[in-house]
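Student: Just to be clear, the model below is a prediction. Sequence and coordinates:
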Amino acid sequence: MMFRPTPMQRVLLLVPRGDLDAALEAVGRLGVLHLLDLPGREEWRRSVVPCEVGERRLRTEEALRQVDVLIDFFRPPAREPEPLPGVAEVTRDLPDWLAELETLRRERTRLHGRSEELERVHASAVALAAAGVAPGELGQLRVLHAACGWLRQEDLPRLEEALARTPHRIVTAGSRTGERLLVAFVHARDEVALERTLESVAFAPIWLSGGAQPTGSVASLERDLDEARASLVALERRFEHARERLATPLAGARAALARELLLVEACALGGRSDSAVFLTGWLPAGRVEALRNALAEATGGRFHLRAEDPGSLASVRAGETVPVQLHNPALMRPFERLTANYGVPRWREIDPTPLVALGFCAMFGLMFGDLGQGAVLAAAGAWLARRRARDAGLILLQCGIASMVFGLAYGSVFGIEGWLPALWLRPLEDLPRLLRTGAAIGLGTISVSFGLGVLNAALRRDWSEALFGTHGLLAASAYWGAAALALRWLFTGEAGEAVARFWPLLTLPLAILLGARVTSGWRSTGGAGRSLATSILEALVELADVVIRGIANTVSFVRISAFAVSHAGLLFAVFALAEMLPSSPGGSVGRALVIVLGNAIVIALEGLIVSIQGVRLVYYEFFSRFHEGTGVRYTPLQLCAGGGEESAR
């Protein structure tokens, strides 16, 4: 039912310890039970002990971490395992998978390093051969010592300077971007001095694995490089085969372990005696029989289930929180996210989602009224709704439709106002009327929020708050009277006689509220440490705050009209800019381009700004008087039927 959360019941479940896993599987598959921490509840603390799951949790978490390592390495294609493997089967296969991963990773690292090394040495050997230097002969020198490698071009003067006192000869055998391939010759007795000097100038010697210098021929290096590449290709084929082979097992393993971890966490919420386990939680009243049937099938009837209405529970009357499941029509359901982001209502309170849906779309349309641009938003929303972004898509679709409706009211199509007559007004031509409309929306919205605040307090049986609260009936009555007079003045321009006639009706609720606040403040301290004047002053400050915030919140809605004018003004500026272009054929194309790009920019930026303003008005002006958002969202234990992710609260 709209405006009221789903009726809930609290259940107590008793199962033999041997049937616990089967019972939790049944509960999770049905996905209706919002579990509570039973050992942590005062009435059960001395009767049961917590279920011991520490070691089981650690084993499952470690296995899940190892599976995630495997998935990160192999990157297998997505698969849906049916049925899921058992946890014992996963833990049996996991060591073999990890060993295969380590073998492939070690071999891949070795072959990649070998291949890169050979490519570097081969390129250098080719450059040496082109310069007439045979790499194989460098290692056979007796009197001389040669060093071959790469050096940055800007470091060559440093090398020459460092070797100035050492007889040497440096030959440039090749070059590449920013570097030169050098062969440095010194007397054999200066080998150590040369090596130290080369190291100091960041000389990169050419070497093979094991530290050997490139003494082979170019042809032999090419053969070695071809063999390394062939080995790498063969290894990649092995990797792809393993990737395909392990895709389904890894997906099943992760799903099974995630399910196991979820069941472990659920088990931790239960309490046990010597032979039985107790679980408690909340579920929709209409799903109690479905839970009973699922447990009967899973345990063979070995269970006891007791369901109780929250109104009959002393713990609920004492303040226990009842989880809330919002229940709205399909088109309004996406707006539950706006409500939940602020906070879900408490049990017995009104669900404001339907009003949020209607109010947000209406305000968006009024601020962003254009038939063509609204159609673009609606089309984008329909596309998103079919691309797994259903909630965002449906919100955008409905906002687009609201924009189209107000576009007809404004007579605007992509900013062009000559194609359609304005069924209501044109924002730039009838600004006073538009401002009055914004103020009237503010008066109506704040009036509704006052009424919902009184209703919520009454539903919570908080009669003092309902009557004397900051947003109670007395404050609401004064605001409603002022709102009626303000609306009369906005649309008729006459309110003087009415103010004089109804002045007592405006001031009397505020006077009673002031007296109640003074009395309450005086009684709360018994008159000790504070004077009557202090109580009166505090009450006057609180009352002034209520009046000022009511006026400020109402005036804040005038921004709706301001953004409607801003939207029309931006489109007017786009067309004014287009008209400044010359009327030549090229200018016509330019004008069309300016109009198209201008509309696109307005849709993107203005649409975002209007959305933010709509959310702000809902949260800070509408919710602030009745919706505290301190409820607990209904999040039942849920296990997916097949593979994939499980979820629970």
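Tutor: That came through fine. These figures come from a predicted structure and were not determined experimentally.
Student: Just to check, Gly438 is in contact with Val558?
Tutor: Yes - look at Gly438 against Val558 with C-beta atoms under 8 Å: they come within range, at 4.5 Å. Placement of C-beta: from N, CA and C, glycine included.
Student: In terms of neighbours, single out the busier of these two.
Tutor: Neighbour count, other C-beta atoms under 10 Å: between Gly438 and Val558, Gly438 has more, with 24 against 16.
Student: Please identify the buried residues of the helix or strand containing Gly381?
Tutor: Take DSSP states H and E as the rule and Gly381 turns out to sit in helix 371-385. Neighbour-count burial for helix 371-385, with 16 or more other C-beta atoms under 10 Å as criterion, is recorded at Leu371, Gly372, Gln373, Gly374, Ala375, Val376, Leu377, Ala378, Ala380, Gly381, Leu384, Ala385.
Student: just those now: which is nearest Leu104?
Tutor: Of all the buried residues of helix 371-385, Leu384 has the smallest distance to Leu104: 40.6 Å, by C-beta to C-beta.
Student: Distance-wise, check the closest one relative to Cys399.
Tutor: 12 Å (C-beta to C-beta, to the nearest Å).
Student: can you map out the helices along the stretch 451-600 of the chain?
Tutor: Using DSSP state H, counting those that start in this stretch, the helices of the stretch 451-600 of the chain run over 463-468, 473-492, 496-525, 532-556, 558-579, 585-601.
Student: between these, which one is nearest to Pro76?
Tutor: Of the helices of the stretch 451-600 of the chain, nearest to Pro76 by C-beta to C-beta is helix 585-601, at 40.6 Å.
Student: How about Ala22: what's its closest non-neighbour residue?
Tutor: Ala298 (4.6 Å; C-beta to C-beta, 6 or more residues apart in numbering).
Student: For that neighbour, which residues are in contact?
Tutor: If a contact means C-beta atoms under 8 Å, 6 or more residues apart in numbering, then Ala298 has Asp19, Ala22, Ala23, Glu25, Ala26 as its contacts.
Student: Also Gly54?
Tutor: Contacts of Gly54 (C-beta under 8 Å, 6+ apart): none.
Student: same question, the one 10 residues further on
Tutor: Taking C-beta under 8 Å, 6+ apart as the contact definition, Leu64 lies against Arg254, Leu257, Ala258, Leu261.
Student: Looking at the residues you listed, state which has the most neighbours.
Tutor: Busiest of the contacts of Leu64 [other C-beta under 10 Å] is Leu257, holding 26 neighbours.
Student: I figured that one hits Val90, correct?
Tutor: Yes - under the criterion of C-beta under 8 Å, Leu257 makes contact with Val90 at 6.3 Å.
Student: shared neighbours of the two, anything?
Tutor: Ala63, Val67.
Student: Now do the SS call for Gln9.
Tutor: For Gln9, the assignment made with DSSP: H, G, I helix; E, B strand; the rest coil gives strand.
Student: Tell me how many other residues surround it.
Tutor: 20.
Student: Name the residues of stretch 267-277 that are buried.
Tutor: In stretch 267-277, counting by 16+ other C-beta under 10 Å, buried: Cys267, Ala268, Leu269, Gly270, Gly271, Arg272, Ala276, Val277.
Student: could you pull out the strands for the stretch 51-200 of the chain?
Tutor: 144-152, 168-176, 179-187 (DSSP state E, counting those that start in this stretch).
Student: Mean neighbour count and distance to Arg75 added to those strands, as JSON lines?
Tutor: Conversion of the strands of the stretch 51-200 of the chain to JSON lines gives the following (neighbours: other C-beta atoms under 10 Å; distance: least, C-beta to C-beta, whole Å):
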{"stretch": "strand 144-152", "mean neighbour count": "19", "distance to Arg75": "35"}
{"stretch": "strand 168-176", "mean neighbour count": "15", "distance to Arg75": "34"}
{"stretch": "strand 179-187", "mean neighbour count": "19", "distance to Arg75": "36"}
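Student: Now do the same for the residue nearest to Ala22: its pLDDT.
Tutor: Note on Ala298: pLDDT of 94.
Student: Quick check: the gap between it and Arg57.
Tutor: 23 Å.
Student: circling back to that earlier point, out of the contacts of Ala298, name the ones that lie in strands.
Tutor: Cross-referencing the contacts of Ala298 against strands under DSSP state E gives no overlap.
Student: returning to what we had before: any idea which of the buried residues of stretch 267-277 is closest to Thr630?
Tutor: Out of the buried residues of stretch 267-277, the member with the shortest distance to Thr630 (by C-beta to C-beta) is Leu269, at 22.3 Å.
Student: residues contacting that closest one?
Tutor: Listed by C-beta under 8 Å, 6+ apart, the contact set of Leu269 reads Leu35, Leu36, Asp37, Leu38, Leu279.
Student: Quick one: buried ones out of these?
Tutor: Here, 16+ other C-beta under 10 Å leaves Leu35, Leu36, Leu38, Leu279 buried among these.
Student: Look up how far Ser115 lies from the third one.
Tutor: Same thing as Leu38. 61 Å.
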